[in-house]
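Colleague: Would you be able to build a 3D model of this:
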Amino acid sequence: MSSQQRKLDWAKLLNGNRRKPPSAPSPQKGKENRIPLERDYDRLLFSTPVRRLADKTQVFPLERNDSVRTRLTHSHEVANLARSIGTTLFYNHGEELGLAAIPDAARSVPSLLGAVGLAHDLGNPPFGHQGEDAMQSWISRHLVPKADDPESFDIFAGAGLTPAQQRDFEKFEGNAQALRLLTRLQVINDGYGLNMSYAALAALMKYPVPSDKIDKSIGSRKKFNFFQSETKIVEEVWCNTGLEEGLRHPLTLVMEACDDIAYSVLDLEDAAKKGLISFHDLIASLNHDANGDAQILDICDQSRKREVEYRRSQLSGAELSDISMQMLRVQAIGLMVNAVTDAFVANQDTIMAGEFHGELLAGSRSEALWSALKGFARKHVYSHRSVIEVELEGHRTIQALMDAFWQAIRNRGSETFTATRGAAPYDAYVYSRISENYRRAAEMSKMPMRYRELQLMTDMISGMTDSFAVELCRNLVSLRG
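Modeller: Here you go, the predicted model:
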């Protein structure tokens, strides 16, 4: 269907059905009053992968300051912002968006946005995006044998993998791992994972393409959101939601915008708590980059007025900085949330026709504010020496773990994945540290053997928390001697 003919249907986009056929209701259970999309959020909230986010990097790896955000607090904040926008979209714009006629949309839209906001980073390996880079570089290191390294080898040689299957590992992607985690790796006994609704799985996919269809010039194709091993699941999701390759769920745009709002504002608040930046430097930078933008100028003006008021309370320097950053955060988030909501409504026709390929914040009235905040963070936070030093430790940790796990997987001495046979003691021990869930998933997989071996390794690595990865690496190094 051409984009000119396409008109997405909210009834299908909010499809609360699940892949697993429903079972007969248990007589012990009372009447279920939650709608399916509310149950999606609850299933996620109680899942192990969500709890692990408490020890995964947002910006500052292995951070000891409890007030600095982890991936878990970040995800809760994204979920909160997204749910809030969903509520506004229904109650303030439900008629014009066509949501008012959809049964339970007042509950399903906010619940769906809360669920995908909570789940959007579940597949990230330890140490955030540096972890992804480390995993990709490990694969790259093993693509071409090196004459000066007798232990180097081509990891795909003779494996019979398609270019797309190889690409899954060359460009390993946390977004795709999140989908795999929810559809394969939880509740492993029945092959349905957490058995999320079609709507939730569809809205989770920021980049609804496989690894061999990436196109950096198109927003929905900048990265990929599913591995070859989950292709049939994704096709089923698209069939049941009216979507297709490269076509985002409309509410995915909202979730992506909330992620952008959260990191552009909240990462700076955390950097201030750590003393990497000062409130005054941020205001000076924003004022310098304002170029007449009304929102930036208003934030700077209001921030200065509040600071004068706070000084009258005889606050300490630390207290003054803290409350000033908090109030800047409140004002900036409020402005951007309203801008995203209005941008969604203004672009509804192109969004529902599948023709909107940008970002809601880009082109909105908050674009200049968003860009200025991101630019300040890139220059003064993400490139700070203290951040880079710990990221380097994370990179080395992941590479060392992949070396150990790959050797153990290749030397397990069996065609099966559930047990080793005749393996050397060290390899047998390393293999025993791999989650039984992940080994069971590899055993059940229908993919080629080398693909299953590599995926067993990436499942294990990406499922680790930062602290667990560091401690396990030290343990394995000490045992190897």
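Colleague: Now stretch 153-169: buried residues?
Modeller: I155, F156, L161, Q165, Q166, R167, D168, F169 (16 or more other CB atoms under 10 Å). The C-beta positions use only the backbone N, C-alpha and C, and glycine is treated the same way.
Colleague: what's the span of that stretch from first residue to last?
Modeller: For stretch 153-169, the first-to-last residue distance is 16 Å (CA to CA, to the nearest Å).
Colleague: repeat for stretch 412-427
Modeller: 7 Å.
Colleague: quick one on the thing from earlier: out of the buried residues of stretch 153-169, which sit inside helices?
Modeller: Q165, Q166, R167, D168, F169 (DSSP state H).
Colleague: pretty sure the fourth one is touching Q228, no?
Modeller: To tie it back to what came earlier, the one meant is D168. Yes. Judged on CB atoms under 8 Å, D168 makes contact with Q228 at a distance of 5.7 Å.
Colleague: give me the low-pLDDT residue ranges for the protein?
Modeller: For the chain, applying pLDDT under 70 flags the ranges 1-5, 24-30, 60-67, 147-148, 150-152, 188, 481.
Colleague: What helix or strand is the most centrally placed residue in it located in?
Modeller: Centroid-nearest residue in the chain: D121, 2.3 Å away (criterion: CA atoms, centre = their mean). Using DSSP states H and E, D121 maps to neither a helix nor a strand.
Colleague: Now tell me what touches the host helix or strand of A442 from outside.
Modeller: Taking DSSP H and E as the definition, A442 sits inside helix 436-444. By CB atoms under 8 Å, 6 or more residues apart in numbering, the list of residues contacting helix 436-444 from outside reads 184-186, 188, 191, 416-418, 452-453, 455-456, 459-460, 463.
Colleague: cool, stretch 326-339 as well?
Modeller: With CB under 8 Å, 6+ apart as the criterion, stretch 326-339 contacts 81, 84-85, 257-258, 261, 264-266, 269, 279, 282-283, 295, 299, 302-303, 306, 361, 364-366, 369-370, 373.
Colleague: Now do the contacts for the residue in the chain sticking out farthest from the centre.
Modeller: Distance from the C-alpha centroid of the chain peaks at R312, with 42.6 Å (CA atoms, centre = their mean). Listed by CB under 8 Å, 6+ apart, R312 has no contact partners.
Colleague: same deal with L89?
Modeller: Contacts of L89 (CB under 8 Å, 6+ apart): L97, L99, V109, V254, T341, F344, V345.
Colleague: Assess the claim that the last one and H93 are in contact.
Modeller: Yes. If you go by CB under 8 Å, V345 and H93 touch, sitting 5.1 Å apart.
Colleague: Quickly list what's touching both of D168 and Q228.
Modeller: Contacts common to D168 and Q228, judged by CB under 8 Å, 6+ apart, are S211, Y451.
Colleague: Quick one: buried ones out of the contacts of stretch 326-339?
Modeller: Judged by 16+ other CB under 10 Å, buried ones among the contacts of stretch 326-339: 81, 84-85, 257-258, 261, 264-266, 269, 279, 282-283, 295, 299, 303, 361, 364-366, 369-370, 373.
Colleague: Just to be sure, which of those residues are found in helices?
Modeller: 81, 84-85, 257-258, 261, 264-266, 269, 279, 282-283, 295, 299, 303, 369-370, 373.
Colleague: Neighbours of the closest residue to D281 other than its chain neighbours, how many?
Modeller: Spatial nearest neighbour of D281, chain neighbours left out: H380 (7.3 Å); criterion: CB to CB, 6 or more residues apart in numbering. When neighbours are counted by other CB atoms under 10 Å, H380 registers 17.
Colleague: could you list every residue that touches the closest residue to R311 other than its chain neighbours?
Modeller: Nearest in space to R311, with sequence neighbours left out and distances taken as CB to CB, 6+ apart, is L320 at 6.8 Å. Residues in contact with L320 (CB under 8 Å, 6+ apart) are E307, Y310, R311.
Colleague: For W10, see how far away the nearest residue to D293 once chain neighbours are set aside is.
Modeller: In this structure, D293 finds its nearest non-sequential neighbour in A368, 4.0 Å apart by CB to CB, 6+ apart. A368 is 32 Å from W10, where distance means CB to CB, to the nearest Å.
Colleague: how close does G131 sit to S75?
Modeller: Per CB to CB, G131 is found 16 Å from S75.
Colleague: my bad, should have said V59
Modeller: V59 is 14 Å from S75, where distance means CB to CB.
Colleague: repeat for D298
Modeller: 30 Å.
Colleague: These two: which has the busier surroundings?
Modeller: The neighbour comparison of D298 against S75 (other CB under 10 Å) goes to S75, with 26 against 14.
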